[in-house]
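>>> following is a predicted model, sequence given first.
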Amino acid sequence: MSSDSKSSKRPEWTPEGGGAEFATRVMDGVRAAHDGMTGSLITGTPKAPKRRELSVGDYVSGVLSGDRMILSRAITLVESNSPVHFETASRVVKEILPHAGASTRVGITGVPGAGKSTFIDSFGYHLCELGHKAAVLAIDPSSSVTRGSILGDKTRMENLSRHENAFIRPSPSGGTLGGVTRKSRETMLLCEAAGYDVILVETVGVGQSETTVRSMVDFFMLMVITGAGDELQGIKKGVMELADAIIVNKADGANIVKAAATRTEYDRILHYLRPATEGWETKAYACSALTGDGIDDVWAVVKRFIKNVKASGVFGERRNKQLLSWVYTMVEDYLKQKFYGDERIADARPSMEDSVISGNLSATEAALELINLFESRNSTNYEPTLIPKS
Ligand SMILES: Nc1nc2c(ncn2[C@@H]2O[C@H](COP(=O)(O)OP(=O)(O)OP(=O)(O)O)[C@@H](O)[C@H]2O)c(=O)[nH]1
Ligand SMILES: [Mg+2]
């Protein structure tokens, strides 16, 4: 046993393969002594009793009764990369499925430092005070690199994490974005089955993760801040077209006036863009996650949106589309893994790429050759799985 594992404890949500960054230091204690009296030194921490294995039924009844510990363990199960867990996890998810879905799913994206986590802290707290149960998830395809910030997020959501109606789950680690998506979607279903009626998903990272989160949520907001006149730079039109609201955060103190101007500017631009949701006009709003000003207005917008899309049928249509796209995303992931994981394909690629670059082979020819090679293989030398390889 390494001295590190002796002197450290891990939170129950530590992902498999998580390193020392998930450890909480535990100091050596002193037995039978207090107030500076001497005693014998305890070396190492006492062994925690081995956790009882839970059956599928235990998981299901625990989650449905809202038992947070079992919910945490069910999420860990779903996030596991082990084939043994995959089987149990699938059965658990299948059983809780009829009890999931009855929540408002809200996604939040924005540039680093816009205040997403701070906003979720105060927005989530506001909802919990109103009697809602809020679950917070994060999608971070790059989490294997930035694991440190996950812990940071938990501490940034200090108020919310102490609220009895809140459940905060850091992002799953490991694997492709596809793998992270599967884990996050199933985590969302588990939270819903456990009675959480608002799910807040923060995207960390850039590019593809925004589309991924949009494909998981009912309402998607883009968080922005004021800048030095060029605040609209760096925000791609594409991301604005995914959003159901643009929230100008940090509208407090000396920044209030500037934030109002930024909001007007976004409203002006939004006017020319295609709205993300049929029948809904995407607009900009200002708030301060720090002071809480405007936070209740944002919730009013979300409520109005949900009422509107439920009445028009767009809500159900979107959920159905999302469900089907989830199916095909998993199929595509599987096929990609199967193709790129094939040894013969892997062996053939370097010379094929050289030929294409040197002009000896057209792109179409190269693609066909690779596909023929793949289709002609006698036996599969690689077993793909829906559990992504980390
Ligand atoms: N003045 C002011 N500061 C804020 C507000 N919201 C967040 N901040 C500050 O902005 C900084 C970044 O906030 P975070 O909530 O960590 O931002 P984030 O968007 O989650 O950042 P990443 O997760 O790193 O992408 C922190 O120092 C916050 O205290 C606000 O409404 N007003
Ligand atoms: Mg954050």
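Yes, it's here. Ligands and ions are numbered 1, 2, ... in the order given.

>>> list the contacts of S362.
Residues near S362 by C-beta atoms under 8 Å, 6 or more residues apart in numbering: V356. Backbone N, C-alpha and C define where each C-beta goes, glycine included.

>>> any idea how far V60 lies from P83?
21 Å (C-beta to C-beta, to the nearest Å).

>>> can you tell me the SS state at V136?
strand (DSSP: H, G, I helix; E, B strand; the rest coil).

>>> ligand 2 versus that one, what's the distance?
Between V136 and ligand 2 the distance is 11 Å, computed by C-beta to the ion, to the nearest Å.

>>> which residues touch the residue in the stretch 101-250 of the chain that ligand 1 sits nearest to?
Per C-beta to the nearest ligand atom, G115 is where the stretch 101-250 of the chain lies closest to ligand 1, at 2.9 Å. Residues near G115 by C-beta under 8 Å, 6+ apart: 223, 225, 249-250, 289-290.

>>> who's more crowded, V60 and P83?
V60 (21 against 11; other C-beta atoms under 10 Å).

>>> how far does the helix or strand containing the more buried one sit from its chain's centre?
In this assignment (DSSP states H and E), V60 forms part of helix 56-64. Chain-centre distance of helix 56-64: 23 Å, with C-alpha atoms, centre = their mean, to the nearest Å.

>>> can you list the neighbours in contact with that helix?
Residues from elsewhere that reach helix 56-64 (C-beta under 8 Å, 6+ apart): 54, 69-71, 73-74, 77, 88, 91-92, 95-96, 99, 190, 193-194.

>>> just the buried members of those residues?
With neighbours counted using 16 or more other C-beta atoms under 10 Å, the contacts of helix 56-64 contain these buried positions: 54, 70-71, 73-74, 77, 88, 92, 95-96, 99, 190, 193-194.

>>> now those as JSON lines including distance to D354 and secondary structure?
Below are those laid out as JSON lines (distance: C-beta to C-beta, whole Å; DSSP: H, G, I helix; E, B strand; the rest coil):
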{"residue": "L54", "distance to D354": "53", "secondary structure": "coil"}
{"residue": "I70", "distance to D354": "54", "secondary structure": "helix"}
{"residue": "L71", "distance to D354": "52", "secondary structure": "helix"}
{"residue": "R73", "distance to D354": "50", "secondary structure": "helix"}
{"residue": "A74", "distance to D354": "49", "secondary structure": "helix"}
{"residue": "L77", "distance to D354": "45", "secondary structure": "helix"}
{"residue": "T88", "distance to D354": "46", "secondary structure": "helix"}
{"residue": "V92", "distance to D354": "48", "secondary structure": "helix"}
{"residue": "E95", "distance to D354": "52", "secondary structure": "helix"}
{"residue": "I96", "distance to D354": "51", "secondary structure": "helix"}
{"residue": "H99", "distance to D354": "55", "secondary structure": "helix"}
{"residue": "L190", "distance to D354": "48", "secondary structure": "helix"}
{"residue": "A193", "distance to D354": "52", "secondary structure": "helix"}
{"residue": "A194", "distance to D354": "54", "secondary structure": "coil"}
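
>>> and this protein, what are its domains?
3-31, 104-321, 341-375 (automatic domain parsing).

>>> hey, which of the ones you listed is tucked in deepest?
Comparing the domains of the chain by mean neighbour count (mean count of other C-beta atoms under 10 Å), domain 104-321 ranks first with a mean of 19.

>>> who in the stretch 201-350 of the chain is up against ligand 1?
Selection of the stretch 201-350 of the chain residues close to ligand 1 by C-beta under 6 Å from any ligand atom yields 204, 249-250, 252, 288-290.

>>> so which strand or helix has the residue of the stretch 251-390 of the chain found nearest ligand 2?
In the stretch 251-390 of the chain, the residue that lies nearest ligand 2 is A289 (10.8 Å; C-beta to the ion). Taking DSSP H and E as the definition, one finds A289 inside no helix or strand.

>>> in which helix or strand does the closest residue to ligand 2 within the chain reside?
Relative to ligand 2, the nearest point of the chain is S117 (3.3 Å; C-beta to the ion). According to DSSP H and E, S117 maps onto helix 116-129.

>>> am I right that G107 sits in a strand?
Yes - G107: assigned to a strand according to three-state DSSP.

>>> isn't S215 up against Q322?
Yes - taking contacts as C-beta atoms under 8 Å, S215 lies within contact range of Q322: 5.6 Å.

>>> and the stretch 101-250 of the chain, which residues reach ligand 2?
Residues of the stretch 101-250 of the chain lying near ligand 2 by C-beta under 5 Å from the ion: 116-117.

>>> all helices for the stretch 101-250 of the chain, in order.
Using DSSP state H, counting those that start in this stretch, the helices of the stretch 101-250 of the chain run over 116-129, 147-156, 158-162, 177-193, 208-214, 237-240.

>>> mind giving me JSON lines with those helices and columns for distance to E281 and mean pLDDT?
JSON lines is the format used below for the helices of the stretch 101-250 of the chain (distance: least, C-beta to C-beta, whole Å; pLDDT from 0 to 100):
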{"stretch": "helix 116-129", "distance to E281": "21", "mean pLDDT": "96"}
{"stretch": "helix 147-156", "distance to E281": "32", "mean pLDDT": "51"}
{"stretch": "helix 158-162", "distance to E281": "30", "mean pLDDT": "90"}
{"stretch": "helix 177-193", "distance to E281": "27", "mean pLDDT": "84"}
{"stretch": "helix 208-214", "distance to E281": "18", "mean pLDDT": "84"}
{"stretch": "helix 237-240", "distance to E281": "13", "mean pLDDT": "84"}
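
>>> all set now, cheers.
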